[in-house]
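>>> Give the three-dimensional model of this entry:
(chains A and B)
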Protein chains: 2
Amino acid sequence: MKGKRLLMIPGPIEFTDEVLAEMSLPTLSHVDPQFIEEFGQAIEKMRKVWLAPNGQPFAVAGSGTLAMELAAANITEPGDNVLIVHTGYFSDRMADIFRLHGANVDIVPSGVGDLPSLELVRAQLKAKYYKTLSITHVDTSTGVRADVKNLAAAAHETGTLVVVDGVCAVAGEELRMEEWGVDIALTASQKAVGVPPGLALLVASSRAIDAFKARKSPVRAYYCDWQYWLPVMEAYEARKAAYFGTPPVNLVRALNVSLGQILSEGMDARFARHAKNARAFRAGLTAMGVKFVPAREEIYANTLTAAWYPEGIDASVLGHIAAEGAVLAGGLHPAIKTKYFRIGHMGMSDASEILATLGAIERGFARAGYRFSPGSAVAAAQAVLAKG
Amino acid sequence: MKGKRLLMIPGPIEFTDEVLAEMSLPTLSHVDPQFIEEFGQAIEKMRKVWLAPNGQPFAVAGSGTLAMELAAANITEPGDNVLIVHTGYFSDRMADIFRLHGANVDIVPSGVGDLPSLELVRAQLKAKYYKTLSITHVDTSTGVRADVKNLAAAAHETGTLVVVDGVCAVAGEELRMEEWGVDIALTASQKAVGVPPGLALLVASSRAIDAFKARKSPVRAYYCDWQYWLPVMEAYEARKAAYFGTPPVNLVRALNVSLGQILSEGMDARFARHAKNARAFRAGLTAMGVKFVPAREEIYANTLTAAWYPEGIDASVLGHIAAEGAVLAGGLHPAIKTKYFRIGHMGMSDASEILATLGAIERGFARAGYRFSPGSAVAAAQAVLAKG
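This next block holds a predicted model:
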């Protein structure tokens, strides 16, 4: 729509018209046959989007942080060893959540904008038995992407469960949950899944469900406890009514529509599109002389870009860029918060949105007095986008 | 709209067009000035709807069960004594949640469809020190309404905190939180507050916040912990951005609109309207020879009615009533589940909806072979509704 400002933050993102239309349909009863059918479909589609044909999906009213706790709380018992691959703000949060649920947490550290080497993680996994390895797929605070495939393979050598915080990744970054042996992959609806905020989503492997069923102590958080949610998810998938908490009906219906759109595109095509769009963004910013927060190219995320403000520019440029039509996000990692900004580019964002956003960035930077060659960013991005 | 089926269950309810329209607006960033303003307004309005001028509101993505845990988890430490006024299914759930968070729970019992006497509760409060008294204002499973005002007064004689599970009550049943000395009153958005499901809502008194701040042990559930939510609620009310989890933007905007509609009606007028509508429903059902689950007239809820199936009628009548235009709910309390049904009549439901619903009930019962005088229910209800 004309005059609309694009929401290009790492979630909430721009949602499709079809998804937004579902949100305002008169709310059905949570035991209405039509809603039961739609919730059942959504559960089946989650399995396909996560590429986990034998996984158990959960969709619960809550934010991404609830999804993190839904993962940690159910497979952790007091005294369990948990290893965290540290990549930023959300790795620290995951460590806090595991600790609260009784885990002894070790952290493989890294500098800001970096992540520990695979060798370091593997060595730590061999030095001590860990029940769980926790990986943030894409750290929303820094745009650092972890190598989930190889980290999961290393964990399997020691029989360690793999939890992937995929809040800024699932349905955007390549994740082949079952093939890679990931045991829990979680996200929030407002990210690449493309549904307004309010749904915590995760898929658990049969190993994760077994670990839950084998626990000797109760789960410490009532609303997180799979003992209540598992029968509900199984019932809806079997097209039967069940009750624990009232599901967020409008959001679940929107989820079903969005997952359908994602599967229509196809997961391989979707991963490739996200990678290409990210390259286009980086080419555009690079053409303006802007540098990135992640330390190395191979760890750049495909769902968001975290970039340093060039010299002489500060967070006030975001107001100029918003005035020019694109809402970006400021920094989040406490150590560097005022020095960088973030662009989300996940979900259905297409070439036009990328060019529009880079155009707004160019004009916003110009307003802030930054000197560069106007048009260079959009031209460089277009050169990437126009390639087959 | 023609041909539409009325959703007359104890939540989700029928929402207003204005509330549903908010749901599908393009999602704003959670730090957009417009959203900050709207969230701030919603927090201020909660205080007015709860009649708690000094209360601290919380609005968090989740179901009513999360609201129950948000209440219990933050004021309970291991070893605390908690007394439950037992009225049905949700009192048992509240007891489970308090226990999980370390409380020693005692229950003042009652029969199905009844609640313990005020004298019994007062005697138990004097027999032993209880940190917290937990009351389900209206038990969604049985339609029993507790006398919150006098129970709270009894608790104050012993310095006991009062938690009110108001899931089926807040914004429908009379609740004067501050005047009555209630310390936490919680609900879910899809009930009388009139917003699609997905928001856990509560207001805490300064005594409750003090009890939280004085705790010596950590809150056991991460996503429930007020230490994270309190600064966020305070920031939004001060019209500043803050982050813990991404708020469910569309639901919060819908909440702001619905609370505005509630306050336009005025709380006293709203309580009176709910009481009158409930009387009209009961008059209609009584005219058909239908009897109610709650044991005595003074404990009938004003937000929902639980009624026994007459002889020869079973749950299949609900299908007939739905086909005639009104969706009602089956039984929920395990002890009597197949023997009764529930009608929700909270939120904006007006005289036309009540007559339409009773008309559908009459025709549904007729389809099921029940013998009564056709028109008797709508006439009896209309006699109540037409009075000044």
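>>> got the domain boundaries for chain A?
A:6-11+A:267-385, A:17-265 (automatic domain parsing).
>>> Could you check how far the last one is from the centre of its chain?
Here the centre of domain A:17-265 is set off from its chain's centre by 10 Å, with CA atoms, centre = their mean, to the nearest Å.
>>> got the end-to-end distance for it?
16 Å (CA to CA, to the nearest Å).
>>> Where does pLDDT dip in chain A?
Along chain A, the parts satisfying pLDDT under 70 run over A:1-3, A:388.
>>> ok, 50 please
Residues of chain A meeting the criterion pLDDT under 50: A:1.
>>> Contacts for stretch A:140-147 next, please.
A:10-11, A:85, A:87-90, A:112-115, A:118, A:135-138, A:167-169, A:173, A:292-295, A:299-302, A:304-306, A:331-333, A:342 (CB atoms under 8 Å, 6 or more residues apart in numbering or on different chains). (Glycine included, C-beta is placed from N, CA and C.)
>>> which strands and helices sit next to whatever helix or strand residue A:119 lives in?
Per DSSP states H and E: residue A:119 is located in helix A:118-127. Packed against helix A:118-127 by the contact rule (3 or more CB pairs under 8 Å, 6 or more residues apart in numbering or on different chains; DSSP states H and E) you find strand A:81-85, strand A:104-108, helix A:148-156.
>>> again, 6 Å this time
In terms of contacts (3 or more CB pairs under 6 Å, 6 or more residues apart in numbering or on different chains; DSSP states H and E), helix A:118-127 is packed against strand A:104-108, helix A:148-156.
>>> and of the ones you listed, who's closest to chain B?
strand A:104-108 (13.3 Å; CB to the nearest CB).
>>> Sheet partners, orientation included, of that closest one?
Sheet partners assigned to strand A:104-108 using DSSP bridges are listed as strand A:81-85 (parallel).
>>> can you list contacts of the next helix or strand after the partner strand?
Next helix or strand after strand A:81-85 toward the C-terminus (DSSP H and E): helix A:89-100. With contact meaning CB atoms under 6 Å, 6 or more residues apart in numbering or on different chains, helix A:89-100 is reached by A:68-69, A:72, A:76, A:82, A:84, A:105, A:134, A:136, A:139-141, A:165, A:332-333, B:222.
>>> anything in the helix or strand where residue A:43 lies sitting right up against chain B?
Using DSSP H and E, residue A:43 falls within helix A:33-49. No - judged by CB under 6 Å from any CB of the partner chain, helix A:33-49 makes no contact with chain B; its nearest approach is 9.9 Å.
>>> related to what we said a few turns ago, could you dump the helices and strands packed on helix A:118-127 to a markdown table with mean neighbour count and distance to residue A:216?
Below are the helices and strands packed on helix A:118-127 laid out as a markdown table (neighbours: other CB atoms under 10 Å in any protein chain shown; distance: least, CB to CB, whole Å):
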| stretch | mean neighbour count | distance to residue A:216 |
| --- | --- | --- |
| strand A:104-108 | 17 | 17 |
| helix A:148-156 | 20 | 23 |
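>>> I'd like those laid out as JSON lines, including distance to residue A:17.
Formatted as JSON lines, the helices and strands packed on helix A:118-127 follow (distance: least, CB to CB, whole Å):
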{"stretch": "strand A:104-108", "distance to residue A:17": "43"}
{"stretch": "helix A:148-156", "distance to residue A:17": "32"}
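>>> which stretch among these comes nearest residue B:56?
Checking the helices and strands packed on helix A:118-127 against residue B:56 by CB to CB gives strand A:104-108 as the closest, at 31.6 Å.
>>> could you check the angle helix A:89-100 makes with the closest one?
160 degrees (axes from the mean of the first three to the mean of the last three CA atoms, to 10 degrees).
>>> Name the surrounding residues that touch strand A:104-108.
For strand A:104-108, contacts defined as CB under 6 Å, 6+ apart pick out A:81-86, A:95, A:98-99, A:116, A:120-121, A:124.
>>> and if we set it to 8 Å?
Residues from elsewhere that reach strand A:104-108 (CB under 8 Å, 6+ apart): A:79-86, A:91, A:95, A:98-99, A:116, A:120-121, A:124, A:128, A:130.
>>> Next: stretch A:176-186.
For stretch A:176-186, the external contacting residues (CB under 8 Å, 6+ apart) are A:50-55, A:64, A:67-68, A:70-71, A:75, A:137, A:148-149, A:152-153, A:155-156, A:161-167, A:170, A:175, A:200-205, A:207-208, A:211.
>>> what about that stretch, start to end distance?
13 Å.
>>> Buried residues in that stretch, which are they?
A:176, A:177, A:178, A:180, A:181, A:182, A:183, A:184, A:185, A:186 (16 or more other CB atoms under 10 Å in any protein chain shown).
>>> Next one: residue A:120 from residue B:167, what distance?
Relative to residue B:167, residue A:120 is positioned 49 Å away (CB to CB, to the nearest Å).
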